[in-house]
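J.: Provided below are the primary sequence and the corresponding predicted coordinates.
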Amino acid sequence: MRAVLDANVLVSSLLSRTGAPARLVELWLAGEFELVVCETLLEEVERTLAHSKIAARVSADDALEFVRVVRELAELVPDPTDPPQFPSADPGDDYLLALAARERTPLVSGDAHVLALADRLPILSPREFLDGVSA
């Protein structure tokens with residue numbers, strides 16, 4: 001099984017080591033599913049981890065190491081070039097929708113704008129995806 005984890009899920013895994021996002025990263029690292037990423041997603045994770053509010057909770061070294069591990073171990077695919085079939089209310093999320101559609105994988109997100117499209121696309125919350133992987 002393959003999946004795209006939104007930047008908010010990846011960053012959340014570092015902020016709370018006991019939540020569903022952290023458990024998903026553990027399962028990915030254990031080989032339970034394949035994580036699909038692109039450069040735009042990695043850049044979003046890097047930018048988010050650099051924000052002062054997040055940087056106060058995650059050291060710069062830990063942030064760099066996390067992005068390095070994701071880049072090295074995840075399936076790195078080209079950035080999507082086509083627009084998504086169903087755009088998000090937040091255009092900044094459209095690349096994720098296009099990436100998941102092109103790669104034919106579910107998109108796992110905690111973003112309300114993205115989750116609002118779950119009736120049209122294979123989009124799951126971290127808990128929903130975790131329940132499916134753990135079953």
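T.: That came in fine, so what should we check first? Numbering: from 1, shown residues only.

J.: contacts, neighbours, all on C-alpha from now
T.: Will do.

J.: Could you report the pLDDT at residue 83?
T.: The predicted local distance difference test score for residue 83 is 85.

J.: from memory residue 107 sits against residue 7, does it?
T.: No: in this structure, residue 107 sits apart from residue 7 without contact. The criterion is Cα atoms under 8 Å, and the distance is 10.8 Å.

J.: Now do the strands in the chain.
T.: Using DSSP state E, the strands assigned to the chain run over residues 2-5, 34-37, 75-76, 107-108, 123-124.

J.: partners of the nearest residue to residue 118 once chain neighbours are set aside in the sheet?
T.: If you skip the residues right next to it in sequence, residue 118 has residue 124 as its closest partner in space, 6.8 Å away by Cα to Cα, 6 or more residues apart in numbering. Beta bridges link residue 124 to residue 108 when assigned by DSSP bridges.

J.: now residue 124: how far from residue 68?
T.: Noted for residue 124: a distance of 25 Å to residue 68, by Cα to Cα, to the nearest Å.

J.: So between these two, which is more surrounded?
T.: residue 124 (20 against 13; other Cα atoms under 10 Å).

J.: For the more buried one, list the residues it contacts.
T.: The contact partners of residue 124, by Cα atoms under 8 Å, 6 or more residues apart in numbering, come to 106, 107, 108, 109, 115, 118.

J.: can you list contacts of stretch 88-108?
T.: With Cα under 8 Å, 6+ apart as the contact definition, stretch 88-108 has outside contacts at 2-6, 9, 40-41, 79-87, 113-114, 117, 122-126, 129.
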